[in-house]
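A.B. asks: give me coordinates for this.
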Amino acid sequence: MTAVVFIHGTGVREPGFSELAGRVAAGLTALRDGLRIVPYYWGGAHGATLAAGGASLPAQAGTGGTARGLGLELADIPAAADDDTAAAWAALYADPYAELALAAAGSEPVVERPPGSVPPEQKLQAQLAALAAQGDAPAAELGPGLARAATDLAAHPLLGPAADALDPGDLAVLAARSLAARLIADALDADAPLVPVGDTRDAVVDRLAEALGAPPRGTERGLRSLLLRAAGSAASRAVVRRRRALTEAAHPAAGDILRYLSRGEAVRAELRTLVAGLEPPVALVCHSLGGIIALDTLISAPLPQVRLLVTAGSQGPFLYESGSLPTLEHPAPLPPHVPDWLNLYDPRDLLSYLGAGLFPGRVTDIAVDSRQPFPASHSAYWTNPAVYRHIVDRLP
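C.D. replies: Below is the predicted model of the structure:
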């Protein structure tokens, strides 16, 4: 009788683990009789917890006093308006033309212009060209690329409709914010080690806005009137107010990874003891961090009972390639005693990685499609019938 040890991933706790393990058992036994399913629930004994009850969490603004007596003055905590502004800039970093699109959406339907009239965006286009000719200097604090960003903005098809909807000063401020957001977004995409603080960003926006024809002023009015009105300024405040709840909901996943990478020997030893007590053949079927635990356990010393390792949504190959896998450092090969390895990944699961290119001839990578976007795709393996078929086809 083949024993299948199911090893769960990050953030799983009871009663969720029992439901998950039951679903996996049902999926496997429906395709093959005589399997012995052995759940390995490591989350209860070895998972992360907030041991001090969340004392590391910052206090909420508006509660008075200091942060749980730890000396953090609430005057140091960002006000709601600052949260709103940060949320709006986050939207612009994701799409530097987001505010341009909102302005264009508010323009009147296009009508034929009188002969000889000058399109309202033409002046701004000329000013953007003049700005581009100066190179990076006008926004040097935000990084390189101003000339390219200004040229792209001047040619953007939504510039005309936005110019119809806004007065020239507001349009100049909007354009300046778009340019600043583009430069910072490019820096973030390039994993730049330094990103300027908001005060520096806002000073550059003022400078660019004046260069594009705006009178000297700050940037708050246009930003709030477009992005924040559309998105709802309460969203950011709600996240801050709910930080404790959000952290307590999310911390097991991140904390489990950090705890395993720093103190993983205990969970590996427990798995080794569990497997040693089973009659061969044994297969380890694992999800996410569970696959890392199993891989590390198998690498560290032979477990001859184990004839198959199955990982789904695994970060093991990535940790190995990045030098973070505890038991094997790149470019050392996979030890010969590690059994056949079936690695299932979903192309939309951004937490799944490939092993065949790192361990030629030792890993079989197979794509499975849950038709779910990330992050739902990372948790959809065990409701996908194709996953069970691939596993059962290879069980000893």
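A.B. asks: pLDDT weak spots in this protein?
C.D. replies: 53-54, 56-84, 106-118, 217-253 (pLDDT under 70).
A.B. asks: from G43, how far out is the closest residue to S322 other than its chain neighbours?
C.D. replies: Leaving aside its sequence neighbours, S322 sits nearest to H330 (Cβ to Cβ, 6 or more residues apart in numbering; 7.9 Å). For the C-beta atoms, the positions are set from N, CA and C on the backbone; glycine is no exception. H330 sits at a distance of 28 Å from G43 (criterion: Cβ to Cβ, to the nearest Å).
A.B. asks: what about G27, how many residues nearby?
C.D. replies: By the measure other Cβ atoms under 10 Å, the count of residues near G27 is 19.
A.B. asks: for it, phi and psi?
C.D. replies: phi -70, psi -40 (degrees, to the nearest 10).
A.B. asks: same deal with W341?
C.D. replies: Dihedral angles for W341 - degrees, to the nearest 10 - are phi -130, psi 120.
A.B. asks: T311 is in contact with that one, correct?
C.D. replies: Yes: counting by Cβ atoms under 8 Å, T311 is a contact partner of W341 at 7.2 Å.
A.B. asks: the more surrounded of these two?
C.D. replies: Higher neighbour count among W341 and T311: T311, with 29 against 25, using other Cβ under 10 Å.
A.B. asks: how about the more buried one, nearest residue that isn't a chain neighbour?
C.D. replies: Nearest non-adjacent residue to T311 (Cβ to Cβ, 6+ apart): G291, at 3.3 Å.
A.B. asks: and W42, by the same measure?
C.D. replies: V267 (4.9 Å).
A.B. asks: element containing that neighbour?
C.D. replies: helix 265-276 (DSSP states H and E).
A.B. asks: quick one: buried residues of stretch 335-352?
C.D. replies: 338-339, 341-346, 348-349, 351-352 (16 or more other Cβ atoms under 10 Å).
A.B. asks: quick one on the thing from earlier: the residue nearest to T311: how many residues sit nearby?
C.D. replies: 29.
A.B. asks: just list what whichever helix or strand it is part of packs against, helices and strands only.
C.D. replies: Using DSSP H and E, G291 falls within helix 289-300. Here helix 289-300 touches strand 3-7, helix 243-263, helix 265-276, strand 282-287, strand 306-312, helix 316-321, going by 3 or more Cβ pairs under 8 Å, 6 or more residues apart in numbering; DSSP states H and E.
A.B. asks: tell me which of the ones you listed sits nearest to Y97.
C.D. replies: Of all these, it is helix 243-263 that lies closest to Y97, at 29.5 Å by Cβ to Cβ.
A.B. asks: you'd agree V38 is in a strand?
C.D. replies: Yes: secondary structure of V38 (DSSP: H, G, I helix; E, B strand; the rest coil): part of a strand.
A.B. asks: state the distance from it to A88.
C.D. replies: 51 Å.
A.B. asks: which one of these two has more residues nearby?
C.D. replies: When V38 and A88 are compared for neighbours, A88 comes out ahead with 25 against 20, by other Cβ under 10 Å.
A.B. asks: for that one, give its distance to L102.
C.D. replies: 11 Å.
A.B. asks: and L395, what does it touch?
C.D. replies: Applying Cβ atoms under 8 Å, 6 or more residues apart in numbering to L395 gives the contacts 2, 4, 32, 35, 283, 308.
A.B. asks: can you tell me the SS state at the residue nearest to the third one when sequence neighbours are not counted?
C.D. replies: By the measure of Cβ to Cβ, 6+ apart, the closest residue to R32 outside its immediate chain neighbours is V392, 5.0 Å from it. Here V392 is recorded as helix under three-state DSSP.
A.B. asks: before we move on, what about G11?
C.D. replies: coil.
A.B. asks: so it touches D256, yeah?
C.D. replies: Yes: contact criterion Cβ under 8 Å: G11 and D256 qualify, at 6.3 Å.
A.B. asks: between the two, what contacts are shared?
C.D. replies: G43.
A.B. asks: more neighbours, these two?
C.D. replies: Neighbour count, other Cβ under 10 Å: between G11 and D256, D256 has more, with 25 against 21.
A.B. asks: now do the nearest residue to S352 once chain neighbours are set aside against I292, distance only.
C.D. replies: Closest residue to S352 apart from its sequence neighbours, by Cβ to Cβ, 6+ apart: Y345 at 3.7 Å. According to Cβ to Cβ, Y345 stands 14 Å off from I292.
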